[in-house]
Each structure stands twice: as C-alpha cells, then as structure tokens.
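K.L.:
Below are the sequence and a predicted model for it; my questions follow.
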Amino acid sequence: MPELHIIDSLTDAGHPGRINEDAHGWNASAAFVLDGATTLGPSVAPPPLTDAAWLATCVSAQLQENLVPPVATAEALRPAIAEAARRFREMAGDALEPWRYPVASLLGARVAAEGATLFGLGDTVAFMRDGFGATRRWTPAAYGRDNERASARAALERNNGFGSAGAAYDEAGALEELRRKRGLHNRPGGPSWLVGVVPEAADHLQIQTLDLSEPVTVLLCSDGFAELVDHYRRYDAESLLEAATRRGLSSLCAELRHIERQEDPDGARYPRFKQSDDATALLVRVG
C-alpha cells in the first residue's frame, strides 16, 4: 500500500477577535482540511464556538476515526455528517431557517491498497507536484468566485471598508444575499453539495485518482490559504509548492497576512468579504 507522510501543517484564524472556523486532521492513511463557511447570524453552538467552527471540529474528529481501510471514503463521510446532523439538531431543537444550518468545504488525500486519491466537496484547493516535476491545481468546486469578488467590492463600497470586525459581509445587503445563497446548498439543483447536516452530500463527493508512478507532493488548503495563488497572484502551483517545501507553511501564512493587513488592508486592490480569512494547509507526500 502507498504511504502518506505529513510534511507540514498550519491553521490560522483570520482575525484575533474571531474563532478559527477551519479544521484539519490526519491518520495513517488519510489527511484532510475542512473550511467552515462563515456563520451568518447567531450560533446554536455554545460560545466561544460558532456553528461553523463546531461543525468543522465535529466532522474532523469523526473523519480521523472513520477514514480507515477498507471503508470507502464516501462511506466514511456519510456517518460523520449524520452524527454532526444529529448533534446539531439536538442543540438547535426547533427547525431553523435554511441559511442557519452550518456547512463546510472538505479536501483530503487518501491511500489504500489499490492506490491513492484526492477527495472533496466545495471550494478547498489542492496543488500537486509529481516526481517528474509537473504541477497542477485541483478543486472539487463546480463554480468560480468572480461573482463573489464583485459582490465583495460592492459591499466594501457600501460599508466603507471592512469595519472594526475586519469584515464586510455584515453589511445589510451583502448579508441578505449571502444568507440566500447559503440556503441553496445541499439540495437537488443547488449550486453545490457541502459537508453539513445532510448525509446525502456524501453521494456527491468528488474523487481524483493520483498517479503514483513517482511520489507526489500535495498541498491541501482552504480557499483562504489558496488566495496566494488564486486571488493575490504571488505564486503559481509550482512556485507555491517550492516555497512550501523550502520555507514552510508558517512563512507563507506570514506573507499572506502581510498582503491582507499591510498591502491591502481596505480590500481596494483585492476585494473580499473579510480582510483575512481563516487559512489552513497540509503539505503531504504520497508514494
């Protein structure tokens, strides 16, 4: 069976006044990151947790236990979501508006006797380099983020920047639209299926087979970390993997925060809903 080695790991809250709504985890045969979607109103989970942070932590613990051979990845994810759904509904009691149910993106790498795969739901991102030096990017997301950035620019203009909370998503118009879109997930015909409180999302898990003719280096990351490539354009897949291997993930996170807090603190150059998003990454070697 191929082996999976953790080279480096990082998870960093985007704002000192907010809890980190990301999570990551691993065991002998799998590694993954979870990016909880920002809670858009009052939380059901007890403070200091938000519902997004609670979901990411709950599912992470379940996956670390469930993702073991010979259980198929979807069959490991389904009971993890079901258990989170049971606990959340127990906490919530009454039914909630659709946007209040927490969701998270997921991305992982897994090894088994038959080979290795990436798996995921949502807009988390993998950057890969094989033993021959070829690099590429992969995400399970079925949609781009251009509309999100246009909406963020409009919200920043209406809100006159990020405000003391470091975010523009609490501007009334932006918040209403984000809540509307949040409620469309995890339903037939919706924009995407995500980790949340709907176990059927496991049936929509995206799988990518890895070619292990040579060892593969994979950087699994939340979209907040992937902004170094996807939004800020400081790296491409090749140079990001080189920097992660040579300098480490903490150095890259420091560079990320410098861009967001010193170079573009108002979001004028890089429109976004939060000055700094939570950033999580795992650098792994598979082979």
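P.N.:
In hand now; what should we look at? Everything quoted here is computed from the prediction, not taken from an experiment. Residues are numbered from 1 along each chain as shown.
K.L.:
hey, what's residue 117 bridged with?
P.N.:
Counting by DSSP bridges, residue 117 forms beta bridges with residue 110, residue 209.
K.L.:
Am I right that it is in contact with residue 210?
P.N.:
Yes: at 6.2 Å, residue 117 counts as touching residue 210 under the criterion of CB atoms under 8 Å. (C-beta placed from N, C-alpha, C; glycine too.)
K.L.:
more crowded one of the two?
P.N.:
Ranked by neighbour count (other CB atoms under 10 Å), residue 117 and residue 210 place residue 210 first, with 21 against 17.
K.L.:
by contact count, what packs against the lengthiest helix in the chain?
P.N.:
With secondary structure taken from DSSP state H, the chain has its longest helix at helix 73-92. Under the contact criterion of 3 or more CB pairs under 8 Å, 6 or more residues apart in numbering; DSSP states H and E, helix 73-92 touches helix 51-66, strand 104-112.
K.L.:
tell me which residues of the first one are tucked away?
P.N.:
If I follow you right, that is helix 51-66. Neighbour-count burial for helix 51-66, with 16 or more other CB atoms under 10 Å as criterion, is recorded at 51-60, 62-64, 66.
K.L.:
can you list those in JSON lines and add pLDDT?
P.N.:
Shown next, in JSON lines, are these (pLDDT from 0 to 100):
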{"residue": "51", "pLDDT": "98"}
{"residue": "52", "pLDDT": "98"}
{"residue": "53", "pLDDT": "98"}
{"residue": "54", "pLDDT": "98"}
{"residue": "55", "pLDDT": "98"}
{"residue": "56", "pLDDT": "98"}
{"residue": "57", "pLDDT": "98"}
{"residue": "58", "pLDDT": "98"}
{"residue": "59", "pLDDT": "98"}
{"residue": "60", "pLDDT": "98"}
{"residue": "62", "pLDDT": "98"}
{"residue": "63", "pLDDT": "98"}
{"residue": "64", "pLDDT": "97"}
{"residue": "66", "pLDDT": "96"}
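K.L.:
Tell me where the stretch 101-250 of the chain has strands.
P.N.:
Remark: strands assigned in the stretch 101-250 of the chain by DSSP state E, counting those that start in this stretch are 104-112, 115-121, 125-129, 135-138, 206-210, 216-221.
K.L.:
could those go into TSV alongside mean pLDDT?
P.N.:
Below are the strands of the stretch 101-250 of the chain laid out as TSV (pLDDT from 0 to 100):
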stretch	mean pLDDT
strand 104-112	97
strand 115-121	97
strand 125-129	98
strand 135-138	96
strand 206-210	96
strand 216-221	98
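K.L.:
out of the ones you listed, nearest to residue 195?
P.N.:
strand 104-112 (4.5 Å; CB to CB).
K.L.:
just to revisit the earlier point, wait, which of the strands of the stretch 101-250 of the chain is closest to residue 36?
P.N.:
Nearest of the strands of the stretch 101-250 of the chain to residue 36, taken as CB to CB: strand 104-112 at 4.5 Å.
K.L.:
other SSEs contacting that closest one?
P.N.:
If contacts are counted by 3+ CB pairs under 8 Å, 6+ apart, strand 104-112 sits against strand 4-12, strand 30-36, helix 51-66, helix 73-92, strand 115-121, strand 125-129, strand 216-221, strand 279-286.
K.L.:
out of the ones you listed, nearest to residue 45?
P.N.:
Nearest to residue 45 among the helices and strands packed on strand 104-112 is helix 51-66; the distance by CB to CB comes to 3.8 Å.
K.L.:
which residues are contacting the closest one?
P.N.:
Here helix 51-66 makes contact (CB atoms under 8 Å, 6 or more residues apart in numbering) with 19-27, 30, 32, 34-39, 43-45, 49, 76-77, 79-81, 83-84, 87-88, 100, 102-104, 106, 108, 195-196.
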